[in-house]
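>>> 3D model of this:
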Amino acid sequence: MIPRYTPAAMGRIWDEQRKYDTWLRVETTAANSMANHGLVPKEAADAIASHGTVDVARVEEIERVTHHDVIAFTSAVAEKVGPLARWLHFGMTSSDVVDTALALQMREACDLLLDDLDALIGAVQSQADEHRRTPMIGRTHGVHAEPMTFGLKMALWYVELRRDQRRLVRARESISVGKLSGAVGTYAHLDPDIEREVCDALGLVPEPVASQVVQRDRHAELLSVLAIIGASLEKFALEVRGLQKTEIGEVAEPFVKGQKGSSAMPHKRNPIGCEQISGLSRVLRANAMAALENVALWHERDISHSSVERIIVPDSFCVLDHMVLRFTSIVRNLVVYPERMLENLGRSRGVVFSGTVLLELARRGVSREDAYLMVQRNAMKSHDEGADFKSLLLNDREITAVIPSNEIDRVFDLDVELRHVDSIFTRVFGKDEDLVEAES
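Residues are numbered from 1 along each chain as shown. Coordinates of the predicted model:
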């Protein structure tokens, strides 16, 4: 991934030095286990552990001749270890190292991403708490529907992010597997106990059945989860973009001192962070599709997946982590305009209470069909003539014959309309500690 979208901590997990160091960690752990089983000399395992280092430039130099990165890697390490390096990579195939090491990198990247998601979830919860009772209009089809609160919108984001978090925890488990079962997974040269010991030492689980590679449905699951998390972020970012439209103006991305919105129009304050998130989510979805294409390999393996994974796995983690960090900053510093929300709520002249009027008529004995027609004709008149909806109802004798004029005000009570918001918050946040315990 280009540096622009690579957070430093996540980028370090995926740089070339870290990759080769992780390969060496697998090789060293395997050599120690083989020494314990008497398969390789103890002094060889000790030499690999004490003298084995990786010079990326030297690996690349050798690979220009061998055209094989694992052989280049073992050759470069052997130069450091000396004659005892003949026991390095003993009985192993390339994928034993590459797939096991990739699992370690993916697991570490998942942990970092989970920590960053925690910070985003906390920021969303803070906004939800602050705006629990901040009224605004809810929109369906982009059109005014019924009143809601901005905090309720944030609570919805919160529970979706918690689902995303649980998905990532499950995917982390799925990819935390290693294999040292050889060229076609038969353990022809290494005992399964060695694989088990190595995986235990690395905090992984042995792949129950492998071909030459760990099966790529695991990786496809992970990349799909990363894409789903990206889709959630795009959904939230799209909402901010929509609410920041000049005609709506209910929220806005932070606009810091010195920031410029347009090279041609000095007045512009654009939602560029959210637009970036919307764009990058497309990369994650494309990468997830590529991961799904990687599942089907010829027979016990080919390497058509390898070139793809070198790009999509690091890129997806880096892009998503960048998106999470950027959106966390946006949420923490989101500019909210409660007065504008209230103003927009009133722009529909009260027709947003039409559903409440409909139910009140039905409650008092009017058929739903007749009640709907009675309310709709007044709502349409309010739309067409710009008239106040409540005033129209008060002048409609058919309606006031059912709902006395002195009781119509109660139908337009915003507090009554939003009376259950607190109970939703209790359901979402009141049981949060139980939810965390259940997940752990």
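
>>> next, Gly365: secondary structure please.
Per DSSP: H, G, I helix; E, B strand; the rest coil, the local secondary structure of Gly365 is coil.

>>> where does pLDDT dip in the stretch 251-400 of the chain?
Within the stretch 251-400 of the chain, no range satisfies pLDDT under 70.

>>> do you have the helices of it handy? List them.
272-293, 304-332, 338-346, 354-363, 368-385, 389-394, 397-400 (DSSP state H, counting those that start in this stretch).

>>> which secondary structure elements does the second one contact?
So the one you mean is helix 304-332. Counting contacts by 3 or more C-beta pairs under 8 Å, 6 or more residues apart in numbering; DSSP states H and E, helix 304-332 packs against helix 8-14, helix 94-130, helix 217-243, helix 272-293. C-betas here are computed from N, CA, C, even on glycine.

>>> so what's the gap between whatever helix or strand comes next after the first one and the chain middle?
Remark: after helix 8-14, the chain's next helix or strand is helix 16-36, criterion DSSP states H and E. Using C-alpha atoms, centre = their mean, to the nearest Å, the distance from the centre of helix 16-36 to the centre of the chain it belongs to is 31 Å.

>>> just give the nearest non-adjacent residue to Ala220, would you?
Ala291 (4.3 Å; C-beta to C-beta, 6 or more residues apart in numbering).

>>> how much space between that neighbour and Ala231?
As judged by C-beta to C-beta, to the nearest Å, Ala291 and Ala231 stand 15 Å apart.

>>> and for Ser95?
Distance, Ser95 to Ala231, using C-beta to C-beta: 31 Å.

>>> for Val308, same thing?
Val308 is 21 Å from Ala231, where distance means C-beta to C-beta.

>>> next, count neighbours for the residue nearest to Ala220.
26 (other C-beta atoms under 10 Å).

>>> one more: Val56?
That count, for Val56 with other C-beta under 10 Å as the rule, works out to 15.

>>> nearest residue to it other than its sequence neighbours?
Closest to Val56 by C-beta to C-beta, 6+ apart is Glu16, at 5.0 Å.

>>> assess the claim that that neighbour and Asp55 are in contact.
No: counting by C-beta atoms under 8 Å, Asp55 is not a contact partner of Glu16; they are 10.8 Å apart.

>>> more neighbours, these two?
A side-by-side neighbour count of Glu16 and Asp55, using other C-beta under 10 Å, places Asp55 first with 15 against 12.

>>> please name the nearest non-neighbouring residue to that one.
Nearest residue to Asp55, sequence neighbours excluded (C-beta to C-beta, 6+ apart): Ala76, at 6.0 Å.

>>> what about the one you found, neighbour count?
By other C-beta under 10 Å, 23 other residues sit near Ala76.

>>> go on, the one 10 residues further on?
The number of residues packed near Arg86 is 12, by other C-beta under 10 Å.

>>> where does it land on pLDDT?
Arg86 carries a pLDDT value of 96.

>>> so who does it touch?
Neighbour list for Arg86: Ala44, Ala78 [criterion: C-beta atoms under 8 Å, 6 or more residues apart in numbering].

>>> need phi/psi at it.
Dihedral pair for Arg86: phi -60, psi -20, per degrees, to the nearest 10.

>>> please enumerate the helices of the stretch 51-200 of the chain.
Under the criterion DSSP H, counting those that start in this stretch, the stretch 51-200 of the chain contains helices at 56-66, 69-81, 94-130, 150-175, 192-202.

>>> what comes up buried for the last one?
Applying a neighbour-count criterion of 16 or more other C-beta atoms under 10 Å, the buried positions in helix 192-202 are Ile194, Glu195, Glu197, Val198, Cys199, Ala201, Leu202.

>>> that helix vs helix 94-130, what angle?
On the basis of axes from the mean of the first three to the mean of the last three C-alpha atoms, to 10 degrees, helix 192-202 is oriented at 30 degrees to helix 94-130.

>>> so what's the gap between helix 192-202 and the chain middle?
32 Å.

>>> contacts for that helix, please.
Residues from elsewhere that reach helix 192-202 (C-beta under 8 Å, 6+ apart): 25-26, 29-30, 32-34, 36-37, 39, 100, 104, 177-181, 187, 205-206.

>>> buried ones among those residues?
Among the contacts of helix 192-202, those scoring as buried are 25-26, 29-30, 32-34, 39, 100, 104, 177-181, 187, 206 (criterion: 16+ other C-beta under 10 Å).

>>> ok now whatever helix or strand Ile424 lives in, how far from the chain's centre?
Assigned by DSSP H and E, Ile424 belongs to helix 421-429. With C-alpha atoms, centre = their mean as the basis, helix 421-429 stands 24 Å off its chain's centre.

>>> which residues touch Ala387?
Arg349, Lys381.

>>> for it, grab phi and psi.
Main-chain dihedrals, Ala387, degrees, to the nearest 10: phi -90, psi 160.

>>> tell me the spacing between it and Asn395.
For Ala387 relative to Asn395 (C-beta to C-beta), the value is 9 Å.

>>> equivalent analysis for Val336, please.
Distance of Val336 to Asn395, computed by C-beta to C-beta: 37 Å.

>>> Ser50 now?
93 Å.

>>> and what of Gly230?
For Gly230, the distance to Asn395 - C-beta to C-beta - is 52 Å.
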